[in-house]
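Asker: pasted the sequence and its predicted model underneath.
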Amino acid sequence: MERLADVLKMFLEKHLIKALVSVACSLAIWLIFYDNSRVIESIGALGLVALAFCISFLFLSAVIWIYSISEEKSELKEDRTRALQNKIKLVNSMFNQLSVQEKELLLGFVRSNNKILLGYHSNGNNFLRDRRYMISTGYHTGLKDFDEDKYWLDPFLATSYLRNPEYFLESNTLVQYKLTDEFSSISKFIFDHYGKLGDF
């Protein structure tokens, strides 16, 4: 008996509001069917109240559960939206600080869907050296098998190549650059949705 009282106490502490509403619904249903002798005879007055309570309680539980799931999805969507907006702000702020040359390089990556850039060692180009945004490795095959569908040339390299193409046929002094997948995706998203990168 004591254990039953403890269980009942825990139940009411957790489901008091639902229980009270269910009791009210049960009384309302009992009053509706009070004069219906067929229903009363088939399950009894107490059975009617108990059935009404159970149905009301389960219905309320289902409604509350659906509402909580909806709230969780809404909060998750808001969290994702805030995270996306923060990333957009960071990318635009970074873009604002780039030099004109670096901005053109980044836009070249975005417009080409992150096609691999062939160029010289980054030297003073901080953007190409920044491992937060860029992946780089040596390119040792020269430009004799240059695939324009896969690569594009740094403007300085393109100018040098046009002047002296023979020099680059076997050159092993080049580097290939590519944006990291995450940075490429968010940059592409911003450019596609806003038509630009940066705040200006």
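Answerer: Here it is on my side, so go on.
Asker: got the CA coordinates for stretch 96-113 in CSV?
Answerer: In CSV, the C-alpha atoms belonging to stretch 96-113 read as follows (Å, rounded to 0.1, in the frame of the first residue of the first chain):
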residue,chain,number,x,y,z
ASN,A,96,36.6,42.7,-46.3
GLN,A,97,40.2,42.4,-45.1
LEU,A,98,41.7,40.8,-48.2
SER,A,99,43.7,42.7,-50.8
VAL,A,100,42.2,43.2,-54.2
GLN,A,101,44.3,40.4,-55.6
GLU,A,102,43.3,38.0,-52.9
LYS,A,103,39.6,38.9,-53.3
GLU,A,104,39.9,38.1,-57.0
LEU,A,105,41.5,34.7,-56.2
LEU,A,106,38.7,33.8,-53.8
LEU,A,107,36.0,34.8,-56.2
GLY,A,108,37.8,32.7,-58.8
PHE,A,109,37.5,29.7,-56.6
VAL,A,110,33.8,30.4,-55.9
ARG,A,111,32.8,31.0,-59.5
SER,A,112,34.7,27.8,-60.6
ASN,A,113,33.1,25.6,-57.9
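Asker: show me the contacts for residue 126.
Answerer: Neighbouring residues of residue 126 by Cβ atoms under 8 Å, 6 or more residues apart in numbering: residue 102. Where C-beta positions appear, they are placed from N, C-alpha and C, glycine not excepted.
Asker: distance of residue 133 from residue 95?
Answerer: Going from residue 133 to residue 95 by Cβ to Cβ, to the nearest Å gives 11 Å.
Asker: show me how this protein divides into domains.
Answerer: The record's domain parsing of the chain by automatic domain parsing lists 2-83, 98-194.
Asker: the ones you listed: lowest mean pLDDT?
Answerer: Here the domains of the chain differ in mean pLDDT, and the lowest is domain 2-83 at a mean of 69.
Asker: quick one: name whatever helix or strand follows the one helix or strand residue 62 maps to.
Answerer: Element membership for residue 62, per DSSP states H and E: helix 45-96. For helix 45-96, the following helix or strand on the C-terminal side (DSSP H and E) is helix 100-111.
Asker: what residues sit buried inside stretch 146-155?
Answerer: For stretch 146-155, burial by neighbour count (16 or more other Cβ atoms under 10 Å) applies to 146, 152, 153, 154.
Asker: relative to helix 100-111, how tilted is the helix holding residue 62?
Answerer: Here the directions of helix 45-96 and helix 100-111 differ by 140 degrees (axes from the mean of the first three to the mean of the last three Cα atoms, to 10 degrees).
Asker: use 49 as the first number for this chain going forward.
Answerer: From this message on, residue numbering opens at 49, which makes the last subject helix 93-144.
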